[in-house]
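>>> Quick one: sequence and predicted model below, then my questions.
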Amino acid sequence: MAPDTTAGPAATRAVPGGAGVAGNPLGRFLRWDVLVGVLLVVVFLGGAGLSPGFATVGNLSFALGDLGEIALIALAMTMLVVAAEVDLSVASVLGLSSALVGALWDAGWAIETIIPLVVVVGAVCGLVNGLLVTRLGLPSLAVTIGTLALYRGLAYVVLGDRAVAEYPQQFTDLAVGHVPGTPIPYPVMLFVLLAAATAVLLHATGFGRSLFAMGAQEEAAYFAGVRVKRVKLILFVLSGTVAAFAGVVYTLRYGSARADNGVGLELAVIAAVLLGGVDFDGGKGTLGGVIAGVLLIGLLRNLLMLNDVSTEIQSIVTGLLLIVSVLTPRLVSAFRRRGRPPLTVPTS
């Protein structure tokens, strides 16, 4: 997994436990993102033992394809949360994107024209979020809760309760097909390429270091020369763009455009990001941990589905994972602080 990259005061926050962890091999192994990777292996082995069909190539290929949209949106969400912001409107942007695809296709537009237009609409949705946060100084949590309802409402205005289907086969094949000679779905290959680019951007560039610095201490990052508002605006536009593209993939994969597509998907995305070790307060985390979190949630969902567990119970499991991913690192951090000896000030 790529190491955390931070700048200035963010450096001590990049790895849970600070410098003590960095200098301790056992502490490095006990990093949260590493533990999530271990848990992923445990779930895979346990699932293989519980369900004979779980570890088959066909089922794993289906499971990977089924979490494609979550994985794509999680890439942009990771950068937002590292910078101490969040976008809860992503699932509604996905739904609005799906509704636009259906409405425009039903009106006779070419799919080659619809896709770029829909992606631009997603970018505009992200721009609205970003302007409200950066120009009006509103908290992103409150803003995106509001636009979550707004964009979902617009999706119903665009398409109503209808479902539009029957898209060109060459496009649906890209959403459900596999890379020739492999069981890897095309959306997963796209995710791999984008994840590699995101990893380089987040962990090996000045832009990535600025995100960690902003998340750790925004004011210090500003005085260090980071254009905080501009960077945040870029992140929200990117989040909306990716969510809209995920809406296109979702629509083509299921072969149906609906205004309610993707309802609740934002919870799975946030759960994957936080479960992967990204601190909700910003300033620390790794993309490798997030990828492990995405895979863990995908395998758990697939395992529950194979055992005929209802979608309601699956939602409960996702909610519990979200709570655990927020609570556990804080409990560990509090435990470590209690175990440290008190600071002593030398007296003359």
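Received it, and whenever you're ready, just let me know what you need. Residues are numbered from 1 along each chain as shown.
>>> Assess the claim that residue 303 and residue 45 are in contact.
No - in this structure, residue 303 is not within contact of residue 45 by C-beta atoms under 8 Å, at 11.5 Å. Just so you know, the C-beta spots here come from the backbone N, C-alpha and C atoms, and that holds for glycine as well.
>>> more neighbours, those two?
residue 303 (21 against 11; other C-beta atoms under 10 Å).
>>> what is the mean pLDDT for whichever strand or helix holds the more buried one?
Secondary structure from DSSP states H and E places residue 303 in helix 287-306. What helix 287-306 shows for mean pLDDT is 91.
>>> buried stuff in it?
By neighbour count on 16 or more other C-beta atoms under 10 Å, the buried set for helix 287-306 is 287-306.
>>> which strands and helices sit next to that helix?
Counting contacts by 3 or more C-beta pairs under 8 Å, 6 or more residues apart in numbering; DSSP states H and E, helix 287-306 packs against helix 32-50, helix 57-66, helix 68-82, helix 186-203, helix 265-275, helix 311-339.
>>> Pipe those into JSON lines and attach distance to residue 92 and mean pLDDT per row.
Shown next, in JSON lines, are the helices and strands packed on helix 287-306 (distance: least, C-beta to C-beta, whole Å; pLDDT from 0 to 100):
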{"stretch": "helix 32-50", "distance to residue 92": "28", "mean pLDDT": "87"}
{"stretch": "helix 57-66", "distance to residue 92": "20", "mean pLDDT": "92"}
{"stretch": "helix 68-82", "distance to residue 92": "12", "mean pLDDT": "96"}
{"stretch": "helix 186-203", "distance to residue 92": "20", "mean pLDDT": "95"}
{"stretch": "helix 265-275", "distance to residue 92": "8", "mean pLDDT": "92"}
{"stretch": "helix 311-339", "distance to residue 92": "17", "mean pLDDT": "78"}
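>>> quick one, helices of the stretch 51-200 of the chain?
Here the stretch 51-200 of the chain has its helices, by DSSP state H, counting those that start in this stretch, at 57-66, 68-82, 90-106, 111-134, 140-159, 169-176, 186-203.
>>> Can I get the third one in CSV, CA atoms only?
Presented in CSV, the C-alpha positions along helix 90-106 are these (Å, rounded to 0.1, in the frame of the first residue of the first chain):
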residue,chain,number,x,y,z
VAL,A,90,-23.0,11.5,-4.8
ALA,A,91,-25.8,8.9,-5.0
SER,A,92,-28.3,11.5,-5.9
VAL,A,93,-26.0,12.8,-8.7
LEU,A,94,-25.8,9.2,-9.9
GLY,A,95,-29.6,9.0,-9.9
LEU,A,96,-29.9,12.3,-11.7
SER,A,97,-27.4,11.1,-14.2
SER,A,98,-29.4,7.9,-14.8
ALA,A,99,-32.6,9.8,-15.2
LEU,A,100,-31.0,12.1,-17.8
VAL,A,101,-29.7,9.2,-19.7
GLY,A,102,-33.2,7.7,-19.8
ALA,A,103,-35.0,10.9,-20.7
LEU,A,104,-32.6,11.9,-23.4
TRP,A,105,-32.5,8.4,-24.9
ASP,A,106,-36.3,8.2,-24.9
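>>> could we number from 46 for the rest of this?
Got it, first residue is 46 now, which makes that one helix 135-151.
>>> what number of residues lie near residue 198?
Neighbours of residue 198 (other C-beta under 10 Å): 14.
>>> Kindly report the same for residue 374.
Residue 374: 19 neighbours (other C-beta under 10 Å).
>>> which non-adjacent residue is nearest it?
The shortest distance from residue 374 to any non-neighbouring residue, by C-beta to C-beta, 6 or more residues apart in numbering, is to residue 77 (5.6 Å).
>>> Next, count neighbours for residue 158.
The burial count for residue 158: 10, using other C-beta under 10 Å.
>>> Show me what the one helix or strand residue 274 maps to is packed up against.
Secondary structure from DSSP H and E places residue 274 in helix 273-299. Using 3+ C-beta pairs under 8 Å, 6+ apart as the contact test, the elements touching helix 273-299 are helix 113-127, helix 135-151, helix 156-179, helix 214-221, helix 251-261, helix 263-268.
>>> mean confidence score for that helix?
So the average pLDDT for helix 273-299 ends up being 97.
>>> buried set for that helix?
If you call a residue buried by 16+ other C-beta under 10 Å, then helix 273-299 has these buried ones: 273, 276-299.
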